[in-house]
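> Predicted model follows, preceded by the sequence.
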Amino acid sequence: MTRIKRGYIARKRRTQIRLFTSSFRGAHSRLTRTISQQKIKALVSANRDRDRKKRGFRGLWIHRINAIIGKNKKKQYNRYSNLLYNMYKGQLLLNRKIVAQMGILKGNCLLMIANEIIT
Amino acid sequence: MALVCGSASVTFPSSSFPRHSHRNTSSSSSSSLVGLQFPFHKLVSLSLSPSSSSNTNARTLRIHSQQQDSSILPPEQDPRFLCVEPEPRFKGPDIWNKTWYPKAADHVNTEKTWYVVDATDKVLGRLASTIAIHIRGKNLETYTPSVDMGAFVIVVNAEKVAVSGKKRTQKLYRRHSGRPGGMKVETFAQLQNRIPERIIEHAVRGMLPKGRLGRRLFTHLKVYEGPDHPHAAQKPIELPIQDKRIYLQR
């Protein structure tokens, strides 16, 4: 068999990976073997956290809704759980994101709705 | 009644027909109603008074309903539509679909609330929990986990904080100097005699997040031994306590 050098194939592949990892900290953007590993870890995290992000935001909205509903002392059962129960009962199909945004941007409107709905 | 008749005759001719026509033209546009300065309610009572003839009664009923039509405000002033945004909505950033994140102006330290709480005869852990919630900002609808949105809390009379049971002699506070054999142990009573502020600080620090932000939040807690504090200029308000079991049950 004739001798075939691989030439610059490996280097071409690794420069692409190095471009991806160019903003990482310390050895993670300088050392070739570490760069390959860190790119894989970064992509794994990104994939997993795209689903986590959805969970995280939903929890944040729920917390914000609970906070503003809890400030409304007029009703006895001023809790997030009560608000959601009464919303489903009254067929008010708002999602938590919009309710949380309403709580921050137009708090009075949300409290008006809550006073109407919560028994 | 006579006064009302007198005022009406001053502003309008006393014959009924010109008065009605004047009212018709005036009620068609709201701007002219604002310009006129005659008292509506008095005219309505005048027109509905039994002294007017039955002919005018029929016409006054029509006018009464027209007056109600004219009381419909334009959408800018109608209280039912105050929360509706003007059309078109899509100029500028989309504030509804992007979850709200605070700008720098939303968490300036100088604009934050200051709370003061007296620790006398309050159970340590429950007090620390309430304080930590207010420092972190978890009671606000603008709560963001990555931003310091909370308030400042001042604790006075820290040496009078209470614990239940035998914790006064049995609860241990440990610290380690880093060297072998360097564990130092103190009971609650001993620490309260030595440095009483450290008890509340230790409790609250355990309830705040651990990290860069948590350390910054901890600096918003101010604990003092006696009843006075040097923060009168910040005008602190009383910390609202929801917990019903925060006072020590004897």
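Thanks, I have it.
> tally of neighbours for the residue in chain B positioned nearest to chain A?
Chain A sits closest to B:Glu141 of chain B, with a gap of 3.7 Å, by CB to the nearest CB. Any C-beta I mention is one placed from the backbone N, CA and C, and that applies to glycine too. Neighbourhood size, B:Glu141 [other CB atoms under 10 Å in any protein chain shown]: 22.
> can you check B:Gln192 too?
20.
> quick one, phi psi at it?
Per-residue torsions, B:Gln192: phi -70, psi -30 (degrees, to the nearest 10).
> right, and it touches B:Glu159 too?
Yes: between B:Gln192 and B:Glu159 there is a contact under CB atoms under 8 Å: 6.1 Å.
> what's next to stretch A:12-30, contact-wise?
Outside of stretch A:12-30, the residues that reach it under the criterion CB atoms under 8 Å, 6 or more residues apart in numbering or on different chains are A:32, A:34-36, A:38-39, A:42.
> ok, 7 Å please
With contacts defined as CB atoms under 7 Å, 6 or more residues apart in numbering or on different chains, stretch A:12-30 is touched by A:32, A:34-36, A:38-39.
> If any of these are buried, give me the PyMOL selection for them.
Selection command for PyMOL covering only the buried members of those, criterion 16 or more other CB atoms under 10 Å in any protein chain shown:
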select buried, chain A and resi 35+38+39
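> In helices, which of the contacts of stretch A:12-30 appear?
A:32, A:34-36, A:38-39 (DSSP state H).
> Ignoring the adjacent residues along the chain, who's closest to B:Phe188?
B:Lys171 (4.2 Å; CB to CB, 6 or more residues apart in numbering or on different chains).
> if I look at that neighbour, how far off is B:Ser164?
Distance from B:Lys171 to B:Ser164, counting by CB to CB, to the nearest Å: 11 Å.
> between the two, which one's more packed in?
B:Lys171 (16 against 13).
> Which strands and helices lie in contact with the helix or strand bottoming out on mean pLDDT in chain A?
Here the helix or strand of chain A ranked lowest by mean pLDDT, DSSP states H and E is helix A:107-117, holding a mean of 87. The contact analysis (3 or more CB pairs under 7 Å, 6 or more residues apart in numbering or on different chains; DSSP states H and E) places helix A:107-117 against helix A:32-71, helix A:80-89, helix A:96-105.
> looking at those helices, which is buried most?
Mean neighbour count (mean count of other CB atoms under 10 Å in any protein chain shown) peaks for helix A:96-105 among those, with a mean of 19.
> now the angle from that helix to helix A:32-71?
60 degrees (axes from the mean of the first three to the mean of the last three CA atoms, to 10 degrees).
> who's in contact with helix A:96-105?
Applying CB under 7 Å, 6+ apart, the contact partners of helix A:96-105 are A:58, A:61-62, A:64-65, A:68, A:109-110, B:95-96, B:99-100, B:141-142.
> model confidence over it, on average?
What helix A:96-105 shows for mean pLDDT is 91.
> hang on, the earlier thing: where do the contact lists of B:Lys171 and B:Ser164 overlap?
By CB under 7 Å, 6+ apart, no residue touches both B:Lys171 and B:Ser164.
> ok so, going back, close to chain B as well: tell me which of the ones in helices among the contacts of stretch A:12-30 qualify.
Checking the ones in helices among the contacts of stretch A:12-30 against chain B by CB under 7 Å from any CB of the partner chain, not one of them is in range.
> any chance of these in a markdown table, plus pLDDT?
Below are those laid out as a markdown table (pLDDT from 0 to 100):
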| residue | pLDDT |
| --- | --- |
| A:Thr32 | 95 |
| A:Thr34 | 96 |
| A:Ile35 | 96 |
| A:Ser36 | 95 |
| A:Gln38 | 96 |
| A:Lys39 | 96 |
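> Looking at those residues, which is nearest chain B?
A:Gln38 (22.9 Å).
> Would you mind listing where the chain has pLDDT under the threshold?
All of this is about chain A. For chain A, residues meeting the criterion pLDDT under 70 lie at A:74.
> Correction: the question concerned chain B.
Ranges of chain B meeting pLDDT under 70: B:1-71, B:75, B:85-90.
> Around chain A, which positions in it sit nearby?
B:83, B:95-96, B:99-100, B:139-143.
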